[in-house]
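Peer 1: Whatever this is, show me its structure:
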Amino acid sequence: MKRKSLLLLVVLMIISLFTVVGCGKETKKEDKKEVITPLLYKVTKEGSSNKIYILGTIHIGSLKNTKFADYVTKAFDESHYVAAEVDNEDENDDPEESLNEMMKMLYSDGDNIKNHMSSENYDKLMKFIDDNKLDDGMFNKDNYKLEYYSRVLTQFVIEKSGLSVEEGIDEYFVNKAKKENKELLIVEGDSYQEEVLSSLPDKLYENMIISSIDDLDGQIKEAEDSFKEWKRGDEKEIWKDDGSSIKEEDKANYSEEDLKLAEEFDEKILYSRNITMTDKLEEYFNNNYDVFFMVGQDHVKGDKGIVTYLRQRGYTVKVVK
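Peer 2: Okay, here's the model as predicted:
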């Protein structure tokens with residue numbers, strides 16, 4: 001079994017904060033729409049009339065010629081608040097702020113990317129950028145950080161899959177909340193997520209980039225399959241994968257360095273955030289907020305996921321259908 005794409009995991013769990021991803025191909029309008037049936041949970045607690053719905057999302061998608069099942073729209077309509085990891089639309093409104101975010105992706109004091117990856121991998125990355133015309137022309141290619149190129153590669157994979165962040169589930173419901181004047185709650189925010197991404201080591205970003213280049217077709221298929229699985233919302237199937245980047249049965253196939261990097265990735269990108277997200281959910285519950293709560297699906301499932309933590313804290317969490 002191959003290790004799950006760490007590069008794709010970044011965008012499935014964290015929205016790219018300054019990239020603009022192109023939309024997929026146009027779909028002709030048809031009378032019959034595909035009904036999306038995602039995994040949705042309802043959180044309650046004995047002695048309280050309050051309730052919170054949890055929708056584990058996927059930050060990319062294509063919603064053309066689709067509609068959500070009635071149980072999803074009903075849960076949204078019942079909720080006075082909508083919570084999301086970030087408000088991506090608001091963050092991209094200010095051109096100056098966008099430029100400032102871009103500048104954070106540049107090395108300073110004469111440093112450049114050649115000092116942060118092997119020469120062989122550097123040549124492979126630059127060839128890929130040139131061959132696919134991914135150079136934005138704003139700055140010297142060597143001045144961009146590995147983190148920036150990981151986002152470029154992720155964006156490229158998503159575009160090739162026909163999906164987009166703009167049609168991601170979070171974006172859809174955040175925009176719907178604004179149109180209906182529901183109050184928007186931000187679970188983390190862009191500054192926190194940027195801090196998490198910038199804390200990942202260079203070697204991890206290098207591995208992510210090169211594995212994506214070497215297995216581009218596999219990355220594209222993984223993006224497509226992830227969205228299809230999300231739309232079906234089969235709890236048993238979804239919970240087979242706890243979100244970790246290397247499964248226990250596969251660890252013997254990897255070096256100690258790979259295992260250490262994967263563990264660091266999982267802890268920073270997934271597990272530590274699951275705890276803070278659960279704390280935030282409990283805060284909303286204690287404030288008697290009826291919330292339609294959205295975070296990446298991998299945060300919701302598994303022994304170290306939000307649903308498990310809530311049950312351990314005495315909440316009743318049930319699937320809604």
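Peer 1: in this protein, which segments are predicted with low confidence?
Peer 2: By pLDDT under 70, the low-scoring segments of the chain are 1-31, 88-94.
Peer 1: for it, what spans make up the strands?
Peer 2: Here the chain has its strands, by DSSP state E, at 34-36, 40-44, 52-57, 66-68, 81-84, 183-186, 291-296, 316-320.
Peer 1: between these, which gets nearest to residue 157?
Peer 2: Of all these, strand 291-296 sits nearest to residue 157, with 16.8 Å by Cβ to Cβ. Heads up, the C-betas are built off the backbone N, CA and C, glycines and all.
Peer 1: now the strands of the chain as CSV including distance to residue 262 and mean neighbour count?
Peer 2: As requested, the strands of the chain are exported to CSV (distance: least, Cβ to Cβ, whole Å; neighbours: other Cβ atoms under 10 Å):
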stretch, distance to residue 262, mean neighbour count
strand 34-36, 31, 14
strand 40-44, 28, 19
strand 52-57, 22, 25
strand 66-68, 34, 16
strand 81-84, 27, 22
strand 183-186, 29, 15
strand 291-296, 18, 25
strand 316-320, 28, 14
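Peer 1: With distance to residue 249 as extra columns, can I get those in CSV?
Peer 2: Below are the strands of the chain laid out as CSV (distance: least, Cβ to Cβ, whole Å):
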stretch, distance to residue 249
strand 34-36, 32
strand 40-44, 28
strand 52-57, 24
strand 66-68, 35
strand 81-84, 34
strand 183-186, 38
strand 291-296, 24
strand 316-320, 27
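Peer 1: any idea how far the residue lying farthest from the centre of the chain lies from residue 264?
Peer 2: For the chain, the largest distance from the centre (Cα atoms, centre = their mean) belongs to residue 47, which lies 34.5 Å off. The gap separating residue 47 from residue 264 is 41 Å, by Cβ to Cβ, to the nearest Å.
Peer 1: cool, residue 72 as well?
Peer 2: 35 Å.
Peer 1: So those two - more neighbours on which side?
Peer 2: Between residue 72 and residue 264, counted using other Cβ atoms under 10 Å, the more crowded position is residue 72 (22 against 15).
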